[in-house]
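Novice: structure of the sequence below:
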Amino acid sequence: MADHEKIAALIAEISRQHGVTLSADDPLMILQTINAMLLGESADAQEEQLKAFKSELEDMSNRWSIAITDKAESVLNAALDASEAAMNERMEAAAKAIIKEVGEHIGTGLQKPLNDGRAVANRNLLASGLTLIAALVVLAAALFHH
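Specialist: Numbering: from 1, shown residues only. The predicted model follows:
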C-alpha cells in the first residue's frame, strides 16, 4: 500500500469511528506522518541493533566453541598422558616379572647341568685318585721287589 493510500485509509477510519472529517493537510495528519516516519526510523535502528547483537552472539559462540574445543583437547591430552603412563607402568611391571621368571627358569635350567658337571668332576677326581693310588702301589711293588 502506498503512503497516500494509507493516509486515505486512516482519514476514513477516523471519520467512521469519531465522526470527524480530516483533510490530508490537517495538523493531525502531519503528526501522524511524523509519527510514522519516527516509527520507521526506530524500527530501522532496532533492526541494526538486532543485527549487531546477532553478530556479537555469533562471535561469542565462536569464541566459546574455540575455548570448549581447547579445553576438550586439554582434557583428552591429559587422559592420553595418564593412560600412557599407566600403560608404561604396567609394561614395566610385566617386563620385570618376565625377567624374574626367565631368570628363575634359567637358574633352574642351568642347575641340572651344573650338578651333572659336579658329579662328573667328582667321578674324575675319584678315578684320578684311584689311578694315583694304583700307580703308587705299582711303584711300591717295583721298589720292594728288586
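
Novice: buried residues, the helix or strand containing residue 12. List them.
Specialist: Element membership of residue 12 [criterion: DSSP states H and E] is helix 3-18. Buried residues in helix 3-18, defined by neighbour count with 16 or more other Cβ atoms under 10 Å: 7, 10-11, 14. Where you see a C-beta, it was placed from the backbone N, CA and C, and this is true even at glycine.

Novice: between these, which is nearest residue 61?
Specialist: Among these, residue 10 lies closest to residue 61 (Cβ to Cβ), at 43.7 Å.

Novice: that older thread, run through who's touching the helix holding residue 12.
Specialist: When contacts are defined by Cβ atoms under 8 Å, 6 or more residues apart in numbering, helix 3-18 is touched by residues 1, 20-24, 29, 32-33, 36.

Novice: mind checking which of the residues you listed are buried?
Specialist: Buried members of the contacts of helix 3-18, scored by 16+ other Cβ under 10 Å, are 22, 29, 32.

Novice: out of those, which sit inside helices?
Specialist: Using DSSP state H, the subset of the buried ones among the contacts of helix 3-18 located in helices is 29, 32.

Novice: that older thread, possible to save the contacts of helix 3-18 as CSV with distance to residue 115 and pLDDT?
Specialist: Putting the contacts of helix 3-18 into CSV (distance: Cβ to Cβ, whole Å; pLDDT from 0 to 100) gives the following:
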residue, distance to residue 115, pLDDT
1, 117, 65
20, 132, 86
21, 134, 86
22, 130, 84
23, 133, 85
24, 129, 80
29, 126, 84
32, 121, 85
33, 121, 83
36, 116, 86
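
Novice: for residue 25, helix, strand, or coil?
Specialist: coil (DSSP: H, G, I helix; E, B strand; the rest coil).

Novice: can you tell me how far it is from residue 11?
Specialist: 11 Å (Cβ to Cβ, to the nearest Å).

Novice: ok, residue 32 next?
Specialist: In terms of Cβ to Cβ, residue 32 sits 9 Å off from residue 11.

Novice: so what's residue 22 closest to, chain neighbours aside?
Specialist: residue 11 (5.1 Å; Cβ to Cβ, 6 or more residues apart in numbering).

Novice: no further queries at this time; thank you.
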